[in-house]
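Enquirer: build me a model from this:
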Amino acid sequence: MNQNKGLLLVLSTAIISGASIYVNSLAVKFGNPYVFTGLKNLLVGVAFLSLILVLKEWKSIKKLTQRQWWQLVLIGLIGGAIPFLLFFKGLSLTIAAQGSFIHKTLFIFVSFLAIAFLKEKLNKSLLIGLGALLVGNFLFLGIEPKGIGWGDGLVLLATLFWAAEVIIAKKALQKLSARLVIWGRMFFGSVFIFIFLASIGQAQAVFAYNPEQWKWVLITSVFLFGYVFTFYHGLKYVRASVATSVLALGAPITGLITLVANEGIVWAPQKAGGLVLIFIGTMLVIGFKSLKSLLINKYADAKDN
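Expert: Residues are numbered from 1 along each chain as shown. As a prediction, the model looks like this:
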């Protein structure tokens with residue numbers, strides 16, 4: 001039952017991610033991306049702290065061990081700060097589609113790190129599924145390799161940081177609530193980002209934000225809240241490889257939203273083929289037994305209602 005709950009949560013994350021990428025592509029035009037990211041992280045961190053206090057879980061913060069505090073700080077540093085800075089800088093130096101594809105390889109790194117550090121099993125179905133997801137994203141995003149540059153290297157490095165964060169978060173979730181882990185990621189992540197901004201003399205840009213910019217910060221913060229809420233609550237119950245592989249569904253969702261918004265996307269045969277491979281790969285990684293259990297339970301719930 002918990003696995004079904006986890007699958008539904010990470011599937012929700014993929015949907016939110018697909019919509020969030022499109023919204024963020026509009027919002028990031030309205031200000032410094034570093035300041036923009038720092039503000040979003042801070043607002044979501046404060047929101048989760050408020051949620052912890054409202055649910056009277058503040059005692060759980062007081063009970064954190066020194067090791068757990070360091071876990072949360074580390075998750076904030078390598079999940080909520082460094083990779084964001086690397087990712088945005090990398091995207092400014094490379095082709096958008098190529099950068100997006102490199103980021104979409106997150107599930108590959110997480111899967112192999114999970115085998116090494118979380119003792120997740122490597123099987124034929126998983127390998128074929130990961131391969132299908134990789135090729136599917138390559139086709140769907142319409143990659144035309146232009147050589148590897150510094151920008152690609154920075155995006156890859158950011159992806160590696162996020163992969164390591166997923167493994168550390170998965171371990172932390174064995175003893176901590178998802179809300180605490182999310183709070184650590186977002187709050188400490190924003191602190192580190194603002195330390196970086198202060199070091200380069202850009203922290204004051206926060207005070208120059210106008211109402212239009214704040215509107216976009218708030219809108220995207222809602223999407224970010226939904227993303228981290230569903231993903232980390234789902235990660236608590238499903239394998240790390242599954243959780244990150246399901247996120248690959250976000251790419252076609254973004255494409256569909258862009259198409260509906262009349263942005264001029266042409267659905268070439270290779271995009272359709274890529275979409276099919278992404279869905280097949282996701283099903284293989286999740287496993288047909290897990291999918292069958294999920295569908296049967298959802299059908300039973302619908303019948304009861």
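Enquirer: tell me, how many residues neighbour residue 275?
Expert: 19 (other C-beta atoms under 10 Å). Placement of C-beta: from N, CA and C, glycine included.
Enquirer: check contacts around it.
Expert: 136, 140, 252 (C-beta atoms under 8 Å, 6 or more residues apart in numbering).
Enquirer: for residue 161, see how far away the closest residue in space to residue 153 that isn't next to it in sequence is.
Expert: Once flanking residues are discounted, residue 153 sits nearest to residue 90: 7.3 Å by C-beta to C-beta, 6 or more residues apart in numbering. From residue 90 over to residue 161 the distance is 12 Å, taken as C-beta to C-beta, to the nearest Å.
Enquirer: for those two, work out which one has more neighbours and name it.
Expert: residue 90 (24 against 20).
Enquirer: list the residues that contact that one.
Expert: Per C-beta under 8 Å, 6+ apart, neighbours of residue 90: 99, 150-158.
Enquirer: show the pLDDT at the closest residue to residue 92 other than its chain neighbours.
Expert: Spatial nearest neighbour of residue 92, chain neighbours left out: residue 151 (7.0 Å); criterion: C-beta to C-beta, 6+ apart. pLDDT, residue 151: 84.
Enquirer: what does residue 303 give?
Expert: Reading off the model, residue 303 has pLDDT 52.
Enquirer: can you give me the buried ones in the helix or strand containing the residue nearest to residue 92?
Expert: Using DSSP states H and E, residue 151 maps to helix 150-172. By neighbour count with 16 or more other C-beta atoms under 10 Å, helix 150-172 contains the buried residues 151-152, 154-170, 172.
Enquirer: same check on stretch 85-100?
Expert: 85-91, 94-95, 98-100.
Enquirer: how far does it stretch from one end to the other?
Expert: By C-alpha to C-alpha, to the nearest Å, the extent of stretch 85-100 from end to end equals 15 Å.
Enquirer: point out where the stretch 51-200 of the chain drops to low pLDDT.
Expert: Flagging of the stretch 51-200 of the chain using pLDDT under 70 yields the residue ranges 96-97, 144-148.
Enquirer: please enumerate the helices of it.
Expert: According to DSSP state H, counting those that start in this stretch, the stretch 51-200 of the chain carries its helices in the segments 58-62, 66-80, 82-91, 96-103, 106-117, 124-140, 150-172, 178-199.
Enquirer: related to what we said a few turns ago, what would the contacts of residue 90 look like in TSV with distance to residue 229?
Expert: Supplementary listing: the contacts of residue 90 in TSV, determined by distance: C-beta to C-beta, whole Å:
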residue	distance to residue 229
99	26
150	34
151	31
152	31
153	32
154	28
155	26
156	28
157	27
158	22
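Enquirer: please, where are all the helices along the stretch 201-305 of the chain?
Expert: Counting by DSSP H, counting those that start in this stretch, the helices of the stretch 201-305 of the chain are 211-235, 240-246, 250-260, 269-286, 288-304.
Enquirer: what is the helix holding residue 151 packed up against?
Expert: Here helix 150-172 touches helix 66-80, helix 82-91, helix 96-103, helix 106-117, helix 178-199, helix 211-235, helix 240-246, going by 3 or more C-beta pairs under 8 Å, 6 or more residues apart in numbering; DSSP states H and E.
Enquirer: just give the nearest non-adjacent residue to residue 225, would you?
Expert: Sequence neighbours aside, residue 44 is the residue nearest to residue 225 in space, at 5.1 Å (criterion: C-beta to C-beta, 6+ apart).
Enquirer: distance of that neighbour from residue 220?
Expert: 10 Å.
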